[in-house]
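Asks: Could you look at this predicted model? Sequence included:
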Amino acid sequence: MSMLLASLGSSIANVGLPAFAQAFGAPFGQAQWIVLAYLLSTTTLVVVAGRLGDQFGRRRVLVAGVTLFTAASGLCALAPSLSMLIIARALQGAGAAAMMALTLAFVGDLMPKASAGRAMGLLGAMSATGTALGPALGGLLLSVWGWPALFAVMLPPGALAAWITWKHLPASASALAPASAPTPTPTPAPASAFASAPVSVRSPSSAPASTPSLVPTPNASPPRVARASSAAARLDAQGMLLLVLTLAAYALAMTLGRTSGSAWTMPLLLATAAIGAIGFIRAEARAAFPLIRLDVLQRPDVGSGFAFSAAVSTVAMATLVVSPFYLSAGLGLRPAQVGLVMSVGPIVAALLGAPAGRWVDRHGQAAMTRSGLIVMLAGCVLLAAIPVSFGVAGYLFALVPLTAGYAVFQTANNTAVMAAAGPNERGVIGGALGLSRNLGLISGASLMGAIFLAGAATTDPTSASPAAVAAGLRLTFLVAAALVGACLVTGQVMRRSRQRS
């Protein structure tokens, strides 16, 4: 339920943008901050929320996140001004960040490896359901009760989710932060596909609290402690601040940089993000208890999984950015028809979530990751090749495999990444996985939108000819096909390299 609510919180507000602008007498540029505040908050805080769960206990932080999300939903519904609504949406996004990161972590905590794919598939289905449900439910609520209902509707399920989380999820250790004791000398790890993973890990219930967890790196996690004050003393505040500022600069560059009216806005924001990223990496390399251990990215399936998730999410975003213009200007559909056609993708993803999880458990993560990418590649090629004369049927014929492949890929890739996470780092790795997806979606909106406009040879796709819009669609998905193909080839090369070594 947490994943569904986090996804619904993102998608339901989009339909209300005209109503927000009218209710508060604000221009569209200001009203869109209602959507951007949520997106920026979840993107910048998801890794931090995951680390807080690792250090203070995942159930505790997840309950706090759901409670914050629910309370902020109420504040949104009662907001007397646009500025208060934007602040409340940022708080709602902060709660959603914890929900996204720690829901993934709990799959690793609770599910045996043999059925982890099914759980990941179910989470993917819930996320897709929230995405599909948002516009339809939002339109209904908006027409009957007005814009406050877009947020008030999340109060009952939010309260229920908080109660279920507290009542039925097991309490992890009250603090998973490292203690001040020196790290024991690590024992050599056996050769395996995850040779750079922690040498010895234990779940909170599998050993006494005094049993140390041995790890192979100097700044890795020493023994766990039960005191929250000890955990708080070891928060990587510098790393958290640098990461949040870096991600905020990048997200603003991708969302507002191209439309700010100044040619310098995007370069300055990207330069700020680059400087922040360098500072973050240097700070993490020096930190005794880093927010993210840099050696984690060197593990098979982790660093590559993050990169593939970002790249493939960039492609998935192309369908949301380009499709409305193609369906309206290219195929001549009315807005209601456009919305109906665009709901097909999330519905396909929601229906495929559970089966995709079973396929991952049966055939393995690597095989299903490749299969998902191959099906996505076929969908991209079809979208680039199918002529306008094929109409809506032709568009859906290409869209369905692209969306289905994305659902299978996400389930398999998420399962592989979380399988490589140790018990004391599942929160932060789950957060980083959510971050990679969000960064891909944010980048895709800007990158694929720019490619579409270049292919259509226009700056205003609403007034472009059907032929120009079709040309833009063709170029966009040719680039998307190349990106998916690069992921497929890179994955194969890495797999063979690991097999030889």
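Replies: Received the coordinates, thanks. Keep in mind that what you see is a predicted model, and the values were worked out from it rather than measured.

Asks: Now for residue 424, which secondary structure element holds it?
Replies: Assigned by DSSP states H and E, residue 424 falls within no helix or strand.

Asks: Thought residue 53 was touching it, still the case?
Replies: No. Judged on C-beta atoms under 8 Å, residue 424 makes no contact with residue 53 at a distance of 10.6 Å. All C-beta atoms are positioned from the backbone trio N, CA, C, and that covers glycine.

Asks: And these two? Which one has more around it.
Replies: Ranked by neighbour count (other C-beta atoms under 10 Å), residue 424 and residue 53 place residue 53 first, with 28 against 24.

Asks: ok, now how distant is the more buried one from residue 59?
Replies: 8 Å (C-beta to C-beta, to the nearest Å).

Asks: Ok, residue 159 next?
Replies: Counting by C-beta to C-beta - residue 159 and residue 59 are separated by 17 Å.

Asks: buried sites along stretch 251-258?
Replies: Across stretch 251-258, burial judged by 16 or more other C-beta atoms under 10 Å covers 251-257.

Asks: Repeat that for stretch 146-155.
Replies: Those would be 147-154, for stretch 146-155 by 16+ other C-beta under 10 Å.

Asks: Looking at the record's assignment, how would you partition this structure?
Replies: 1-173+224-235, 236-288, 293-501 (automatic domain parsing).

Asks: Adding mean pLDDT, write those out as a markdown table.
Replies: Formatted as a markdown table, the domains of the chain follow (pLDDT from 0 to 100):
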| stretch | mean pLDDT |
| --- | --- |
| domain 1-173+224-235 | 84 |
| domain 236-288 | 85 |
| domain 293-501 | 88 |
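
Asks: Same drill for residue 159 and residue 59, tell me which one is more crowded.
Replies: residue 59 (20 against 16).

Asks: Tell me who's in contact with the more buried one.
Replies: Residue 59 is in contact with 165-166, 169-172, counting by C-beta atoms under 8 Å, 6 or more residues apart in numbering.

Asks: Of the residues you listed - the most surrounded one?
Replies: Top of those by neighbour count (other C-beta under 10 Å): residue 172, with 28 neighbours.

Asks: State the distance from the residue lying closest to residue 24 once chain neighbours are set aside to residue 237.
Replies: With C-beta to C-beta, 6 or more residues apart in numbering as the criterion, residue 24 has its nearest non-adjacent residue at 4.1 Å, and that residue is residue 82. Per C-beta to C-beta, residue 82 is found 32 Å from residue 237.

Asks: burial count for residue 482?
Replies: 13.

Asks: could the contacts of residue 59 be laid out in JSON lines, adding secondary structure and distance to residue 10?
Replies: Formatted as JSON lines, those follow (DSSP: H, G, I helix; E, B strand; the rest coil; distance: C-beta to C-beta, whole Å):
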{"residue": "165", "secondary structure": "helix", "distance to residue 10": "20"}
{"residue": "166", "secondary structure": "helix", "distance to residue 10": "24"}
{"residue": "169", "secondary structure": "coil", "distance to residue 10": "23"}
{"residue": "170", "secondary structure": "coil", "distance to residue 10": "28"}
{"residue": "171", "secondary structure": "coil", "distance to residue 10": "29"}
{"residue": "172", "secondary structure": "coil", "distance to residue 10": "27"}
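
Asks: Quickly find the element holding residue 240.
Replies: Residue 240 belongs to helix 237-256, assigned by DSSP H and E.

Asks: how about that helix: buried residues?
Replies: So for helix 237-256, counting by 16+ other C-beta under 10 Å, buried means 238-256.

Asks: what helices or strands is the helix or strand residue 103 falls within leaning on?
Replies: Under the criterion of DSSP H and E, residue 103 resides in helix 82-110. Contacts defined by 3 or more C-beta pairs under 8 Å, 6 or more residues apart in numbering; DSSP states H and E place helix 82-110 against helix 2-11, helix 17-24, helix 33-56, helix 58-78, helix 116-145, helix 391-419, helix 426-456.

Asks: can you tell which of those is closest to residue 496?
Replies: helix 391-419 (16.6 Å; C-beta to C-beta).

Asks: how far away is residue 43 from residue 31?
Replies: For residue 43, the distance to residue 31 - C-beta to C-beta - is 20 Å.

Asks: Neighbour count: these two, which is higher?
Replies: residue 43 (25 against 22).

Asks: got a list of what that one touches?
Replies: Counting by C-beta under 8 Å, 6+ apart, residue 43 has contacts 247, 251, 435, 438-439, 442.

Asks: Over to residue 116?
Replies: 107-108, 361, 415, 418-419.

Asks: One more: residue 385?
Replies: residue 474.

Asks: From residue 87, how far off is the nearest residue to residue 53 once chain neighbours are set aside?
Replies: Nearest non-adjacent residue to residue 53, counting by C-beta to C-beta, 6+ apart: residue 427, 3.6 Å away. As judged by C-beta to C-beta, residue 427 and residue 87 stand 26 Å apart.

Asks: more neighbours, the two?
Replies: Legend: neighbour count by other C-beta under 10 Å for residue 427 and residue 87, higher for residue 427 (32 against 16).

Asks: doesn't residue 57 make contact with the more buried one?
Replies: No. Taking C-beta under 8 Å as the definition, residue 427 is not a contact partner of residue 57, at 9.7 Å.

Asks: residues touching the residue lying closest to residue 326 once chain neighbours are set aside, list them.
Replies: Distances taken as C-beta to C-beta, 6+ apart put residue 473 closest to residue 326, at 4.9 Å, once the chain neighbours are dropped. Counting by C-beta under 8 Å, 6+ apart, residue 473 touches 322, 326, 330, 383-384, 452, 455.

Asks: A helix includes residue 473, no?
Replies: Yes. Per DSSP: H, G, I helix; E, B strand; the rest coil, residue 473 lies within a helix segment.

Asks: so who does residue 395 touch?
Replies: 323, 326-327, 331, 341, 383, 386.

Asks: Residue 67 too?
Replies: Per C-beta under 8 Å, 6+ apart, neighbours of residue 67: 95, 162.

Asks: now with 7 Å?
Replies: Residues counted as contacts of residue 67 (C-beta atoms under 7 Å, 6 or more residues apart in numbering) are residue 162.

Asks: likewise the one 10 residues further on?
Replies: Applying C-beta under 7 Å, 6+ apart, we find residue 77 in contact with 148, 151-152.

Asks: Please dump those residues into a markdown table; it should also carry secondary structure for every row.
Replies: Shown next, in a markdown table, are the contacts of residue 77 (three-state DSSP):
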| residue | secondary structure |
| --- | --- |
| 148 | coil |
| 151 | helix |
| 152 | helix |
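
Asks: where's residue 247 relative to residue 324, distance?
Replies: 27 Å.

Asks: hmm, I was thinking of residue 302
Replies: 35 Å.

Asks: Tell me how many other residues crowd the residue nearest to residue 113 when sequence neighbours are not counted.
Replies: Of all residues not flanking residue 113 in the chain, residue 419 sits nearest, at 6.3 Å (C-beta to C-beta, 6+ apart). When counting by other C-beta under 10 Å, one arrives at 20 neighbours for residue 419.
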